Structure formats: structure tokens, C-alpha cells
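Enquirer: Okay, structure incoming, though there's no sequence with it:
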């Protein structure tokens, strides 16, 4: 099933059979205001890129809002009055037009169809790292030989850089697509954005229900900032909206929050496994939690064990490196 069908048709179908008031909240497809300096830099980069005609790659983890950034570049660009076609890289050869009587490659026919449809406009390729080698070759052929009047903006997981170095993603295609890039930091690195994002979700929830907006108390804010957010902004949205739906008062506390307990293991987990990275993880945990007690909780170790790790890596009381 293609993502656009899941996002729209599947939700609408389920909504017809779901009990009133229990359908998921569909948010506007827009850039959500945030407070961090990192995101302020991203907003400046969006405006700078939109003023040009270069191809761009938006790097970021799953759920970090890469597609909204890509669409904002399109909306602010001189191509905004022309078509914007969104392609799911994992299914790019499975949709689009193909004439069986045409002796050319089916993948080439379908992918060329996207460029003809978006002539003068923009193509957004989501999760470009999922393109098969055949699709990469076809896309490279189109961009190098046909020079279509289309700007290409891609979203990609951070692993794309590794794929390029390992030659599982064609370097020549990568550098054509990545004439400039934006890297979206994971939510756990910009915890100052958690409250404004949550307020945005709660405001839209209240509007959809015709209710007063619910607020987060201090315990909820602390719990949200301590969570590692492997699903990033998407996971935050689901967590906050679930709490808003089930909270019996207008104030959401930590007790109302339901964090997923079945997250996949991540390479950037705070678990201390690799000595060469443990120092950075300890300092990061302290910065995020604001205390060594909270840092121990994030790292999944006892406070006594953390004290030993700090001595081992010469980390001071305020998270500074000691000489």
C-alpha cells in the first residue's frame, strides 16, 4: 500500500466505522513552529534553498518532519505555482503510467512519467535510500541525459551517507541530488522544542473537539524531556494526543502519558556498550536530564555505576571534562 493511500484513504475508511470521537487527528501538512536555535537555522536554510533552483536532500531520523521541510521549500520557491509530485522511493516503480506496447524499460517509463507530470515544478522523493540500484540508475539517466525542468528534493535517513561510502547507493547520483542539504536533529537533542510542539498538537486537538486546550503540568514536561523519542516528532504527537484524549481533567500530568515499551534498538541508544562513545553518551545524558540522577536513569545504570563511569572518563560534576 502506498503511503498516500495509508495516510488518507485508509484513515478515512477506518473513520467511517470507528466510534465517534475516536478517530485520529489529522494535522495540517505544514511546518510546525519550534523554539530551538537548531530549528531556527533550518528555517533560514529553507528560505535560502527556496530562493535557488538547486536539488536538496533533507537528512533526519524517522518521524523528524523531513517531508514538511521539503514541502516548505517548494511552497516558498518560484516553482510553487507548478506541480509538486511526491514519490515513495520504496514503490517508485510500482505506480505511474506505463504503456506495455513501449519497448523501453517499465521503470524508465514510469519514472519519466513523474518528471513530465511535474514539469516546471518539484519532485519530492521520500526515503530516497530505499531506491533499488535499478531505480537509481534510471533516475541518474534521466537527470544526466534528459535535464528535466524539475527540482528534486529528497528525504533520507542518516544511513544514506554510509550507503554512499559502501557503494550501495550510487555516489554520482547522490551528488546530483545533494547539491545542498539540511540535517534535522533528533528530538532528544532539541528538548526545548518539546513543549511548543506539544502545545501545537494540543491546540489542534482542542479545536477538533470544540474543547478548551489541555495543558501539561511540570511532571508531564519533565517526563517528556527525559524520554529518548526514537520516533521523534511523530511519536511525540501520538503520545500527547493519547494523553489529551484520556485525561479526565484539563491538566495532563506524567501519569497520563503512555510511552511505548516496544521500541527497536537504535545505534544511538544511550546504553553504555562502546568505550569510545561512552564519554559522549554520559555527557549527553546529563545535558538532557539536568542531573546525574536523571542521567543514570536515561543510561539504564545505577547512580553508583555512573559515578564510576564518570571517574573513568574524567567527567566533572557539571558534565565538563577534567584534565
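Expert: Great, that's in hand. Keep in mind it's a predicted model, so treat the numbers as computed, not measured.
Enquirer: can you confirm residue 238 is in a helix?
Expert: Yes: counting by DSSP: H, G, I helix; E, B strand; the rest coil, residue 238 falls inside a helix.
Enquirer: Neighbours of the closest residue to residue 157 other than its chain neighbours, how many?
Expert: Beyond its immediate neighbours in the sequence, the residue positioned closest to residue 157 (Cβ to Cβ, 6 or more residues apart in numbering) is residue 129, lying 5.5 Å away. C-beta: built from backbone N, CA, C; applies to glycine. Burial measure for residue 129: 22 neighbouring residues, criterion other Cβ atoms under 10 Å.
Enquirer: just residue 120 next, same as before
Expert: Each residue near residue 120 was counted by other Cβ under 10 Å, and the total is 13.
Enquirer: Hmm, residue 151 and it touching each other?
Expert: No: taking Cβ atoms under 8 Å as the contact criterion, residue 120 and residue 151 are not neighbours in contact, 9.5 Å apart.
Enquirer: Domain map for the protein?
Expert: Domain assignment for the chain by automatic domain parsing gives 28-185, 194-256, 275-313.
Enquirer: Next, the contact list for residue 252, please.
Expert: Taking Cβ atoms under 8 Å, 6 or more residues apart in numbering as the definition of contact, the neighbours of residue 252 are 202, 214-217, 220, 240, 243-244.
Enquirer: Kindly provide the distance from it to residue 278.
Expert: Residue 252 sits 35 Å away from residue 278, going by Cβ to Cβ, to the nearest Å.
Enquirer: What of residue 208?
Expert: The value you get for residue 208 to residue 278, if Cβ to Cβ is used, is 45 Å.
Enquirer: again with residue 216
Expert: Distance of residue 216 to residue 278, computed by Cβ to Cβ: 32 Å.
Enquirer: How about residue 142?
Expert: Residue 142 is 46 Å from residue 278, by Cβ to Cβ.
Enquirer: likewise residue 215?
Expert: Distance of residue 215 to residue 278, given as Cβ to Cβ: 38 Å.
Enquirer: Mean pLDDT lowest where, among the domains of the chain?
Expert: Mean pLDDT values for those show the minimum at domain 275-313, a mean of 82.
Enquirer: quick one: buried residues of it?
Expert: Within domain 275-313, the residues that qualify as buried are 278-279, 281-286, 288-289, 292, 294-299, 301, 306, 309-310, 313, counting by 16 or more other Cβ atoms under 10 Å.
Enquirer: which residue ranges form the strands in the stretch 151-300 of the chain?
Expert: Taking DSSP state E, counting those that start in this stretch as the test, the strands found in the stretch 151-300 of the chain are 151-156, 180-183, 215-216, 251-252.
Enquirer: Columns distance to residue 193 on top of those strands, output as TSV?
Expert: TSV is the format used below for the strands of the stretch 151-300 of the chain (distance: least, Cβ to Cβ, whole Å):
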stretch	distance to residue 193
strand 151-156	19
strand 180-183	15
strand 215-216	14
strand 251-252	18
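Enquirer: mind checking how far the residue lying closest to residue 237 once chain neighbours are set aside is from residue 188?
Expert: Of all residues not flanking residue 237 in the chain, residue 201 sits nearest, at 5.2 Å (Cβ to Cβ, 6+ apart). As for residue 201, its distance to residue 188 is 18 Å (criterion: Cβ to Cβ).
Enquirer: for the stretch 101-250 of the chain, what spans make up the helices?
Expert: Assigned by DSSP state H, counting those that start in this stretch, the helices in the stretch 101-250 of the chain fall at 106-117, 133-141, 159-165, 171-177, 194-209, 218-226, 232-246.
Enquirer: Point out the most buried one among those helices.
Expert: Comparing the helices of the stretch 101-250 of the chain by mean neighbour count (mean count of other Cβ atoms under 10 Å), helix 232-246 comes out on top with a mean of 19.
Enquirer: Just list what it packs against, helices and strands only.
Expert: Under the contact criterion of 3 or more Cβ pairs under 8 Å, 6 or more residues apart in numbering; DSSP states H and E, the helices and strands touching helix 232-246 comprise helix 194-209, helix 218-226, strand 251-252.
Enquirer: rerun at 6 Å
Expert: Other helices and strands packing on helix 232-246, by 3 or more Cβ pairs under 6 Å, 6 or more residues apart in numbering; DSSP states H and E, are helix 194-209.
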